[in-house]
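Chemist: predicted coordinates and the sequence they were generated for:
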2 protein chains.
Amino acid sequence: MERIMMAHGSGGRLSHELIRTLFQKHLGNPYLDQMNDATTLPGGDQIAVTTDSFVVSPLFFRGGNIGKLAVCGTVNDLAVSGAIPQFLTLALILEEGFPLDELEQIIKSVAETAAQAGVRIVCGDTKVVERGSADKIFINTTGIGNITNRLVGPEHIRPGDEILITGTIGDHGIAILSEREGLEFQTPVVSDCAPLNGLIDAFYQPGVKCMRDPTRGGVATTLNELAQQAGVSMLLEEVNLPLLPSVEGACGMLGLDPLYLANEGKALVIVAPEVAEEVLRNLQAQPLGRFAARIGRVQDGKPGLVLLETLLGGKRIVGMLEGEHLPRIC
Amino acid sequence: MERIMMAHGSGGRLSHELIRTLFQKHLGNPYLDQMNDATTLPGGDQIAVTTDSFVVSPLFFRGGNIGKLAVCGTVNDLAVSGAIPQFLTLALILEEGFPLDELEQIIKSVAETAAQAGVRIVCGDTKVVERGSADKIFINTTGIGNITNRLVGPEHIRPGDEILITGTIGDHGIAILSEREGLEFQTPVVSDCAPLNGLIDAFYQPGVKCMRDPTRGGVATTLNELAQQAGVSMLLEEVNLPLLPSVEGACGMLGLDPLYLANEGKALVIVAPEVAEEVLRNLQAQPLGRFAARIGRVQDGKPGLVLLETLLGGKRIVGMLEGEHLPRIC
């Protein structure tokens, strides 16, 4: 009998397979089949909707906690879809015995992060399960945003476009891992967990063709998704990947590839070549975008193929995440 | 140190306390503070939003499973709020090792129930946690509906209004309990789990002032909420409570009060006296409403007080659910 494996929740290949063979098979409809970070729904005013559950472990980490993460993750899915995040729902599953003071800290973070992102929590739900039936607290947030005239999506990507990232890669993944494993680095790695809607409002301009936040599965998996959806090939340049020295050191020590590490306050931005310079300058002028970089370009070639030009000048294929190397990262 | 107790998830008194002292305190805003089954949001077209997580145990029971329940629960919260349910999001938290064929059964039920209710699943999320970190599967659904011109809500309730229920009381609670405890009744009790939007479309007419589905905490807790929100008193008549003989028998045997048992396919409907007869007739003409009954009336008196006129002719106070007598009912 086939069973659920950790990798079904990795955001990588097995997650995609589960979506195709189970969810799309039984639930498919033109809305669900959009398969973007948020779904556009009809109505007098069109709205965008997205949902995410958060099961991160540990609950508290350098740079945030599960409450902050639950707001950022959903706000960012709306923002990269070109929507203005407006409303969040908040549903908690609590384990019997969970300390109320920790719950209060988490809820305070939800409130602060929602205020920072300019969104309101509009309804909620709380369920409690017996001790041992859940691990402390799980949070679902569902977000609703206003559709803007920002025409972004993988369907706009063309060969020749440039690939930008709004900052350093892998900070969240290493922050969680070091918290979980008790690793100490000379410069502690802080999660990049942050709402991106303000940053996007600051740099967005026509010519920005697609945005997506590389969370589970990292930059590699997200670019594979985009390359497949757009039917293009992509070439990344290793020399241009922005990495904090501490993250680079940790990856080297632990044998991790930063391209597969989760980010919770970064967006990949695909732009027309003629605006790349200007978008990058505007990004770098923002605190959240100061380490933004141009990391590659879209090209003709096998649809869905993502290549990396290594430091040594060779090229290797960068596939979607296989298996699950860092569970419960968000 | 204070800790989360099962009763914080009961839907009863402690749930309300947690909402007031923690969620409203930190997250309060005019939308959240509506405190109805669904929240009305502004926009060109107003929309209604509601969220619910489902942790029912066992996952499969007579009359349904967690997938069917997850659709019905959210559809019903929208429908009783006077909205037309349109879209659902679907977020799963899976335990590593969960059998894929059970997952497929659940997703098929989601699809069937969504089709029956006329709603679409528009986006989703799947997280997987290690074996032992969750109990099999938890589901969150968030629902979005179109606001109609149905002006329903506790603010419309007045003394003299009649209290109807759309069918028998406590079926879901007893169905889950008997499944869980391996109890066998001569006539097995089947959960009433069903989407109510079609039924509501069939009986709604001006003069219907408020609807609410008595899930966790049952009829007693829901009427307490309404009596408090409306600032009125209510009198129930025990002789008129519609009960299946098997549910009545089980309650007698187990010492349970059916007024506190969960229902997943029933609505309490408060109506102006002049339309009560007609609404009841229209209800009883529908398959889902064939056991509908007039169970009491709204009256002047201490705001928030709910009384029961017993079979013996005495009166007793019916309070909100205290503690938690049947955890993980939904």
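Modeler: All right, it came through fine.

Chemist: need the pLDDT of the residue nearest to A:E322 when sequence neighbours are not counted.
Modeler: In this structure, A:E322 finds its nearest non-sequential neighbour in A:R13, 5.6 Å apart by C-beta to C-beta, 6 or more residues apart in numbering or on different chains. Quick note: C-beta positions are derived from backbone N, CA and C, even for glycine. Here, the pLDDT recorded for A:R13 equals 90.

Chemist: could you dump the one helix or strand A:L236 maps to to CSV, C-alpha only?
Modeler: For A:L236, the enclosing helix or strand under DSSP states H and E is strand A:233-237. Provided in CSV are the C-alpha atoms of strand A:233-237 (Å, rounded to 0.1, in the frame of the first residue of the first chain):
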residue,chain,number,x,y,z
SER,A,233,15.0,27.3,-20.6
MET,A,234,16.9,29.2,-17.9
LEU,A,235,20.6,29.7,-17.3
LEU,A,236,21.8,30.7,-13.8
GLU,A,237,25.2,32.1,-13.0
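
Chemist: just checking, A:P195 touches A:G73?
Modeler: No. Look at A:P195 against A:G73 with C-beta atoms under 8 Å: they stay out of range, at 9.5 Å.

Chemist: the residue lying closest to A:G167 once chain neighbours are set aside: what secondary structure?
Modeler: Spatial nearest neighbour of A:G167, chain neighbours left out: A:F291 (4.4 Å); criterion: C-beta to C-beta, 6+ apart. Three-state assignment for A:F291 (DSSP: H, G, I helix; E, B strand; the rest coil): coil.

Chemist: correct me, but A:F291 touches A:T168?
Modeler: Yes. Judged on C-beta under 8 Å, A:F291 makes contact with A:T168 at a distance of 4.9 Å.

Chemist: still on that earlier bit, quick check: phi and psi on the residue nearest to A:G167?
Modeler: Per-residue torsions, A:F291: phi -100, psi 20 (degrees, to the nearest 10).

Chemist: how many neighbours does A:L254 have?
Modeler: Number of residues near A:L254 (other C-beta atoms under 10 Å in any protein chain shown) recorded here: 13.

Chemist: any idea of the pLDDT on it?
Modeler: At A:L254, pLDDT is 90.

Chemist: test my guess that it contacts A:G173.
Modeler: No. Using C-beta under 8 Å, A:L254 makes no contact with A:G173, being 10.3 Å away.

Chemist: if we can go back for a sec, what helices or strands is the next helix or strand after the strand holding A:L236 leaning on?
Modeler: For strand A:233-237, the following helix or strand on the C-terminal side (DSSP H and E) is helix A:245-254. Judged by 3 or more C-beta pairs under 8 Å, 6 or more residues apart in numbering or on different chains; DSSP states H and E, the packing partners of helix A:245-254 are helix A:171-181.

Chemist: against which helices or strands is the helix it packs on packed?
Modeler: Judged by 3+ C-beta pairs under 8 Å, 6+ apart, helix A:171-181 is in contact with strand A:60-61, helix A:245-254.

Chemist: show me which residues of the next helix or strand after it are buried.
Modeler: The first helix or strand that comes after helix A:171-181 along the chain, using DSSP H and E, is helix A:197-203. If you call a residue buried by 16 or more other C-beta atoms under 10 Å in any protein chain shown, then helix A:197-203 has these buried ones: A:197-200, A:203.

Chemist: which elements pack onto the helix or strand of chain A with the lowest mean pLDDT?
Modeler: Least confident helix or strand of chain A, by mean pLDDT, DSSP states H and E, is strand A:39-41 with a mean of 88. For strand A:39-41, the packing partners by 3+ C-beta pairs under 8 Å, 6+ apart come out as strand A:47-54, strand B:120-129.

Chemist: just the ones you listed: most buried one?
Modeler: Across these, averaging neighbours per residue (mean count of other C-beta atoms under 10 Å in any protein chain shown) puts strand A:47-54 on top, at a mean of 27.

Chemist: direction included, what does that one pair up with?
Modeler: Using DSSP bridges, the strands paired with strand A:47-54 are strand A:39-41 (antiparallel), strand A:137-147 (antiparallel).

Chemist: the helix or strand just after the last one packs against which elements?
Modeler: Same thing as strand A:137-147. Next in sequence after strand A:137-147, counting helices and strands by DSSP H and E, comes strand A:162-165. Here strand A:162-165 touches strand A:268-271, helix A:273-284, strand A:293-299, going by 3+ C-beta pairs under 8 Å, 6+ apart.

Chemist: show residues contacting the last one.
Modeler: So the one you mean is strand A:293-299. Residues from elsewhere that reach strand A:293-299 (C-beta atoms under 8 Å, 6 or more residues apart in numbering or on different chains): A:157-165, A:219, A:230, A:232-237, A:240-242, A:270, A:273, A:276, A:280.

Chemist: is the helix of greatest length in chain A positioned near chain B?
Modeler: For chain A, the longest helix by residue count, based on DSSP state H, is helix A:100-117. Yes. Helix A:100-117 is in contact with chain B by C-beta under 8 Å from any C-beta of the partner chain, via A:100-101, A:103-104, A:107-108, A:110-111, A:114.

Chemist: just the buried positions in that helix, please.
Modeler: Residues of helix A:100-117 classed as buried by neighbour count (16+ other C-beta under 10 Å): A:100, A:102-111, A:113-114, A:116-117.

Chemist: tell me the residue of the stretch 151-300 of chain A that sits nearest chain B?
Modeler: With C-beta to the nearest C-beta, the shortest gap between the stretch 151-300 of chain A and chain B falls at A:R216, namely 9.0 Å.

Chemist: A:S81 contacts A:L41, correct?
Modeler: No. Applying C-beta under 8 Å, one finds A:S81 not in contact with A:L41, separated by 11.8 Å.

Chemist: same drill for those two, tell me which one is more crowded.
Modeler: Comparing A:S81 with A:L41 by other C-beta under 10 Å, the one with more neighbours is A:S81, at 28 against 21.

Chemist: for B:V275, see how far away that one is.
Modeler: 45 Å (C-beta to C-beta, to the nearest Å).

Chemist: okay, now the unreliable bits of chain A?
Modeler: Residue ranges of chain A with pLDDT under 70: A:43-44.

Chemist: pretty sure A:C72 is in a strand, no?
Modeler: No. Secondary structure of A:C72 (three-state DSSP): helix, not part of a strand.

Chemist: mind listing what it touches?
Modeler: Contact analysis of A:C72 by C-beta under 8 Å, 6+ apart lists A:64, A:113, A:117, A:193-196, A:264-265.

Chemist: if we use 7 Å, what do you get?
Modeler: For A:C72, the contacting residues are A:113, A:193-195, A:264-265, by C-beta atoms under 7 Å, 6 or more residues apart in numbering or on different chains.
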